[in-house]
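Asks: Provided below for reference: sequence and predicted model.
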Amino acid sequence: MAETLHKVFIDVEVDGPVAGDAELAAKLEEVCPVDIFKAGEAGVQIVEENLDECVLCNLCVDAAPDGAVRVIKLYEQ
Ligand code: SF4
């Protein structure tokens, strides 16, 4: 089976303390247009296979407390 590459262009980090916040998890799941966040039982989960779909809209960054969510470009512009 061919290995699929994810996280080639974009990575998203969520700070540990806020990652466990169920309310924030639901909010992130709602705002991201490409379903990178999933509200799981343990809080925020990152859907790795969707990471490279990120459109850099910053809605997740704005929805979270300052600096708690970071969208990282893994490529040079
Ligand atoms: S920047 Fe936009 S598309 Fe990218 S993870 Fe955040 S909400 Fe989703």
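Replies: All right, it came through fine.
Asks: So for stretch 55-69, what gets flagged as buried?
Replies: L59, C60, V61, A63, A64, A68, V69 (16 or more other Cβ atoms under 10 Å). (Glycine included, C-beta is placed from N, CA and C.)
Asks: The second one is in contact with P33, isn't it?
Replies: No. C60 is beyond contact range of P33, at 9.9 Å (criterion: Cβ atoms under 8 Å).
Asks: Tell me which helix or strand the closest residue to R70 other than its chain neighbours sits in.
Replies: In space, and not counting its chain neighbours, R70 is closest to E13: 4.6 Å by Cβ to Cβ, 6 or more residues apart in numbering. E13 belongs to strand 10-14 when assigned by DSSP states H and E.
Asks: Show me which residues of that strand are buried.
Replies: I10, D11, V12, V14.
Asks: In the protein, what residue spans correspond to helices?
Replies: Per DSSP state H, the chain carries helices over the ranges 16-19, 22-31, 59-63.
Asks: Show me what the strand holding E13 is packed up against.
Replies: strand 43-46, strand 69-73 (3 or more Cβ pairs under 8 Å, 6 or more residues apart in numbering; DSSP states H and E).
Asks: Ok, which of these comes nearest K27?
Replies: strand 43-46 (9.5 Å; Cβ to Cβ).
Asks: Residue ranges in this structure under the pLDDT threshold?
Replies: 1-4, 77 (pLDDT under 70).
Asks: Residue numbers of this protein in contact with the ligand?
Replies: 12, 31-34, 36, 54-60, 71 (Cβ under 6 Å from any ligand atom).
Asks: redo that, cut-off 5 Å
Replies: C32, V34, I36, C54, V55, C57, L59, C60, V71 (Cβ under 5 Å from any ligand atom).
Asks: Looking at these, which two lie furthest apart in space?
Replies: Using Cβ to Cβ, the residues of the chain next to the ligand reach their maximum pairwise distance at V34 and V71, which is 11.7 Å.
Asks: K27 touches A63, doesn't it?
Replies: Yes. K27 is within contact range of A63, at 5.1 Å (criterion: Cβ under 8 Å).
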